[in-house]
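1. What follows is a predicted structure for the sequence shown.
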Amino acid sequence: MDDARLVAEVTACLSLRFGSGVAAWCSAVPALAREVADRWGLTLGERYAYGASSVVLYCSQAGGGSAVLKLSPDPPFLAGQAAMLGLFAPSGKVPAVLAVDAGAGAVLLESIEPGTSADDLPHPPAAQAWGDLILALHNAAPAPPGFPRDLRGRCDEFFARIGRRLAEPPIGKQVRQADLDRAARRYGLLLDTAPSQVLLHGDLHLGNVLDGGPSRGLVAIDPRACAGDPCFDAVDYALDGAGRDGVGNRCALLAPAAGLDPDRLYAWCCAIAPIIAINRIGHPGNQHAVAELLTLAR
């Protein structure tokens, strides 16, 4: 592990989320990683190329076997994520938490093999496989009474955060404030009429799902658990069909596989579509996807 390269890569990545003030923490990452590795009997490997809120390093354990070390400049966030993984652990569809040092902002996780992100697979996972993942997660445990995060707060947060990007000219030319206002009314109505409440992963897009091989199947990482409408965890997979096999087609295939109402899932897709469109604008090859997403939004 080249310290200078690691610091440069981590600083560039985490500054997007935490701002320039994270540079001092990033400069200490090599020393922190070695200190934690010494205590936990790890041999450090290469950095995992993804992760906007933490540094992810492959490592091997003293007793044999591989693992993943996560370090974050936001220790409470990382500790909370480890606790969320614990809630979903009975499903067998999340990495096992092997060790936590909340004070240091360090978590050691089971390594998922082969571990290819669903985003990087030659073809998106089949709707049945994605539905099986959703059902396993939702059946792992009921939402604890008084769970501190609900879906309304989650939606309000990312609509406010991503909606600020309308000020960027390339985005503001295609997505209107009226689109976001309409979307907010739509998700508000869906929240008010939710038929049931489950413990949601809360961020189940293709980048947060790994290939666990034939015996393990799909495995979810990085939950932002909240309590809410079961359809929400299916929305990102359905919207990934925009510009490809179609959002409506994805809903029709995924809903029965995940035990969901297809019309309700489609309504959720219409509500979230402008947010996904904002994230797609400006990326090569996404013109058809953006066009379909904006049609849904309107």
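-> Okay, I see it. Numbers count the residues shown, from 1 in each chain.

2. Tell me which stretches of the stretch 151-298 of the chain form strands.
-> 198-200, 209-211, 218-220, 226-228 (DSSP state E, counting those that start in this stretch).

3. Would you mind giving those strands as CSV with mean pLDDT, mean neighbour count and distance to residue 108 added?
-> Every residue, glycine included, has its C-beta placed from N, CA and C. CSV is the format used below for those (pLDDT from 0 to 100; neighbours: other Cβ atoms under 10 Å; distance: least, Cβ to Cβ, whole Å):
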stretch, mean pLDDT, mean neighbour count, distance to residue 108
strand 198-200, 96, 25, 24
strand 209-211, 97, 24, 17
strand 218-220, 98, 22, 16
strand 226-228, 94, 24, 25
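
4. out of those, which comes closest to residue 260?
-> Among those, strand 198-200 comes nearest to residue 260, with 10.9 Å by Cβ to Cβ.

5. Which secondary structure elements does the closest one sit against?
-> helix 127-138, strand 226-228 (3 or more Cβ pairs under 8 Å, 6 or more residues apart in numbering; DSSP states H and E).

6. Please name the residues that touch residue 25.
-> 14, 73 (Cβ atoms under 8 Å, 6 or more residues apart in numbering).

7. tell me which residues in the host helix or strand of it are buried?
-> Assigned by DSSP states H and E, residue 25 belongs to helix 23-27. Buried residues in helix 23-27, defined by neighbour count with 16 or more other Cβ atoms under 10 Å: 25-26.

8. What are the buried residues along the next helix or strand along the chain from that helix?
-> The first helix or strand that comes after helix 23-27 along the chain, using DSSP H and E, is helix 29-40. Residues of helix 29-40 classed as buried: 29-30, 33, 36-37, 40 (neighbour count, 16+ other Cβ under 10 Å).

9. Residue 101: which of those residues is nearest?
-> residue 36 (6.7 Å).

10. tally of neighbours for the closest residue to the closest one other than its chain neighbours?
-> Residue nearest to residue 36 in three dimensions, not counting chain neighbours: residue 106, with 4.7 Å by Cβ to Cβ, 6 or more residues apart in numbering. By other Cβ atoms under 10 Å, the residues close to residue 106 number 26.

11. What does residue 106 show for phi and psi?
-> phi -130, psi 140 (degrees, to the nearest 10).

12. likewise residue 19?
-> phi 90, psi 180.

13. Just the pLDDT for it.
-> The confidence metric pLDDT takes the value 89 at residue 19.
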